[in-house]
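A.B. asks: predicted model, plus sequence, below.
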Amino acid sequence: MALLDPRIWGISVRIADQGAYLANAGIIGFAARKELETQTIGRFMKRMAQFVKSILSTCLLTLCLLGGSAPAHAGVIVLHTYSVSLAHEIDNAIAVDAARLSPLLPAGYDVVPASALGVGGPGDGIVVIVNFEGLTSVVDSQPPSKENRIDIAVAILVAEPAQAAAAGLSFPGAFHLYTLARYSNDAPYFASLTSADIPIEFVPELTYQRQIDDKTGVGQLAVNVPVKDSSFETFNTVTGYIDTGSLHAIFWHNGPQGITALNFNVPVIRQANGFSQVFTQPGSMLSTLITGGGFGPCMQDSETGFGCVLTPSLSFSFDEGDTGQLLIFDVTTVPEPPSLALLAGALLGLGVIRFRCLRNAFEVRDKIVACKPQ
């Protein structure tokens, strides 16, 4: 009630004075003075009620925006979106001495011990080669690509980085990986990642020869990545589906434009175990990285002379496809969420501005009345 009392704003004096002036000037009779005051105060109260309603609406809208936009996501921008209708993937998990991997990671990323997944010792980290093929590949809701999307990634398995929560990417059981290299035959997909400085090469000659039974998950997959000076192949054998669930995979990278997170959400998966042979071109980055790792060496390829590492693998079927987003942000520029004091100050300022407008309207009307001929 105190908020709606016009005396707080010094308006009632002007209303009464206005009625007295009109009565004394002979413009209206004394009997009409009370009626004028009543009508004027009534109109004022109505305006006040509308104003308060507007203020409350503004408060609610502001609070909803603060809560609904999740302040922790401030500074995060969605650059591109992705989807496939059906997909298959085999991940090679190669245990490598962590001392070899740590120098490849920027500050803020920590190697996950291979022992945590049972594929190596506590002093090892894990290099992951992701062998992915997706059908009906869509980028940014554009018409789908003519070719199936083949996406081969070389990454390091890392613990959830601190910026994951700020980007809304903190999921129980999610796989977080730091991207070292990617290769794809999908031109729109390649272009979208290049725009964010993610290390990716366009390789139309990629091959993905899958001979795995869709019902049982038993079979083999051969992948060939023919790139200059760093070609490699994976030959994968899987033993059948043993589990179901869902999956989140987030590929991080720090580039000139900031931190990027390529996030994939897979609502339904079927999972199988397997083992793989990874053949690498001698002297290449990947060969230098994984030689001596995994379960040990295997026989080199007699035709290419590529060295071989034997490694455990996980096979997935994404029966309902997946969706993804490419996010970019820099945690050093994420603003602090506005405090309640700041919010209150902003709303109070809005109220002062709005009331000044009302007060000025009364003053203008007073001047008009005062100028009327006697």
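C.D. replies: Perfect, I can see it now.
A.B. asks: which one is Ser231 nearest to, not counting chain neighbours?
C.D. replies: Gln281 (4.8 Å; CB to CB, 6 or more residues apart in numbering). (Glycine included, C-beta is placed from N, CA and C.)
A.B. asks: that neighbour: what's it in contact with?
C.D. replies: Residues near Gln281 by CB atoms under 8 Å, 6 or more residues apart in numbering: Asp229, Ser230, Ser231, Phe232, Ser287, Thr304, Phe306.
A.B. asks: the third one contacts Ser284, correct?
C.D. replies: This points to Ser231. Yes: counting by CB atoms under 8 Å, Ser231 touches Ser284, with 7.3 Å between them.
A.B. asks: for Ile152, helix, strand, or coil?
C.D. replies: The three-state label given to Ile152 by DSSP: H, G, I helix; E, B strand; the rest coil is strand.
A.B. asks: which helix or strand contains the residue nearest to it when sequence neighbours are not counted?
C.D. replies: Among residues not flanking Ile152 along the chain, Tyr183 sits closest, at 4.5 Å (CB to CB, 6+ apart). Using DSSP states H and E, Tyr183 maps to strand 175-184.
A.B. asks: who does that strand pair up with?
C.D. replies: Looking at strand 175-184 with DSSP bridges, its partner strands are strand 149-158 (antiparallel), strand 200-202 (parallel), strand 232-255 (parallel).
A.B. asks: would you mind measuring from the residue nearest to Ile152 to Asp151?
C.D. replies: Using CB to CB, to the nearest Å, one gets 8 Å for the distance from Tyr183 to Asp151.
A.B. asks: Phe202 contacts Tyr189, correct?
C.D. replies: No: if you go by CB under 8 Å, Phe202 and Tyr189 don't touch, sitting 9.3 Å apart.
A.B. asks: compare those two and say which is more crowded by neighbours.
C.D. replies: Tyr189 (26 against 16; other CB atoms under 10 Å).
A.B. asks: give the rounded mean pLDDT of the host helix or strand of the more buried one.
C.D. replies: Assigned by DSSP H and E, Tyr189 falls within helix 187-194. Across helix 187-194, pLDDT averages out at 96.
A.B. asks: over to stretch 283-301?
C.D. replies: Averaging pLDDT along stretch 283-301 yields 95.
A.B. asks: return the set of buried residues in that stretch.
C.D. replies: Neighbour counts using 16 or more other CB atoms under 10 Å place Ser284, Met285, Leu286, Ser287, Leu289, Ile290, Gly293, Gly294, Cys298 of stretch 283-301 among the buried residues.
A.B. asks: what's the neighbour count on the closest residue to the last one other than its chain neighbours?
C.D. replies: In this case it means Cys298. Distances taken as CB to CB, 6+ apart put Cys308 closest to Cys298, at 4.0 Å, once the chain neighbours are dropped. Using other CB under 10 Å, Cys308 has 19 neighbouring residues.
A.B. asks: circling back: to Gly125, which of the strands paired with strand 175-184 lies closest?
C.D. replies: strand 149-158 (6.3 Å; CB to CB).
A.B. asks: buried ones in that closest one, by neighbour count?
C.D. replies: Taking 16+ other CB under 10 Å as the criterion, strand 149-158 shows Arg149, Ile150, Asp151, Ile152, Ala153, Val154, Ala155, Ile156, Leu157, Val158 as buried.
A.B. asks: wait, what's in contact with the residue nearest to Ile152?
C.D. replies: Asp151, Ile152, Ala153, Ile200, Glu201, Val203, Leu206, Val225, Val227.
A.B. asks: any idea what it is bridged to?
C.D. replies: Ile152, Glu201.
A.B. asks: please report how far it lies from Val154.
C.D. replies: For Tyr183, the distance to Val154 - CB to CB - is 8 Å.
A.B. asks: same question, His253
C.D. replies: Counting by CB to CB - His253 and Val154 are separated by 12 Å.
A.B. asks: related to what we said a few turns ago, for the residue nearest to Cys298, what is the enclosing helix or strand?
C.D. replies: Here Cys308 is assigned to strand 307-318, by DSSP H and E.
A.B. asks: strands paired with that strand, and their directions?
C.D. replies: Strand partners for strand 307-318, identified by DSSP bridges, are recorded as strand 86-97 (antiparallel), strand 258-280 (antiparallel), strand 297-298 (antiparallel).
A.B. asks: relative to Asp319, which of those is closest?
C.D. replies: strand 258-280 (5.2 Å).
A.B. asks: can you list the domains in the chain?
C.D. replies: 6-70+338-370, 75-333 (automatic domain parsing).
A.B. asks: lovely, talk soon.
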